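*Asks:* I need the structure of the sequence given here:
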Amino acid sequence: MTERIILTIVALIMFALTIKKSDIITIILTTCLTFGILITWSGVQSLISIGIITYMLTALVIAIINLEKKGLSKFNRRTIFLAGLFSFFSNLFAFMQWPFTTIIRFCIIIPLAFFLISLFKGIAKRDEIGQLTIINIELLLKFLR
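*Replies:* Numbers count the residues shown, from 1 in each chain. Presented below is the predicted three-dimensional model:
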């Protein structure tokens, strides 16, 4: 319960910051991430599933779109790609209850390390910081669980 509260607060803060300073695609993707998180509070199983699927697909779209973005350095592109990809697959394995979910959970340290290095390299000034923060907070909470 505490994890959901933390993730919801972070998502709402990053959504508010993204609306102020970003382009339309970044706003739409951050909105989808925030929607996927907020809809899980409904308590209805079908809506929770829709929220998780929305979050997973948005993370995958973020990974793919930012892989081709021209304004980002190679390291920042890899950081966003790894965060989106790990978020997609860790949620997919947990949602489908496939084996080896714990192994993927331990591998989450890779995108978290990339995120911390990217923060020192200046990604905090980019528009993608909202999406990246939401995804990495979710990954961190999943790692600590």
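
*Asks:* for this protein, just list every one of the strands.
*Replies:* Counting by DSSP state E, no segments of the chain form strands.

*Asks:* shaky segments in it?
*Replies:* Counting by pLDDT under 70, the chain contains no low-confidence range.

*Asks:* what is the neighbour count of the closest residue to K121 other than its chain neighbours?
*Replies:* Leaving aside its chain neighbours, K121 sits nearest to F75 (6.5 Å; criterion: Cβ to Cβ, 6 or more residues apart in numbering). Where you see a C-beta, it was placed from the backbone N, CA and C, and this is true even at glycine. F75 has 13 neighbouring residues, counting by other Cβ atoms under 10 Å.

*Asks:* quick one: contacts for F75?
*Replies:* 114, 117-118, 121 (Cβ atoms under 8 Å, 6 or more residues apart in numbering).

*Asks:* same question for L67.
*Replies:* 77, 80-81.

*Asks:* so which of those sit within helices?
*Replies:* Using DSSP state H, the subset of the contacts of L67 located in helices is 77, 80-81.

*Asks:* tell me the most packed of those residues, by neighbour count.
*Replies:* That'd be I80 among the ones in helices among the contacts of L67, by other Cβ under 10 Å, with 28 neighbours.

*Asks:* is it true that that residue touches N66?
*Replies:* Yes - using Cβ atoms under 8 Å, I80 makes contact with N66 at a distance of 4.1 Å.

*Asks:* overlap in contacts of the two?
*Replies:* With Cβ under 8 Å, 6+ apart as the test, I80 and N66 both reach 72, 128.

*Asks:* sorry, back to before: ok, so of the ones in helices among the contacts of L67, who is nearest M14?
*Replies:* Checking the ones in helices among the contacts of L67 against M14 by Cβ to Cβ gives I80 as the nearest, at 14.1 Å.
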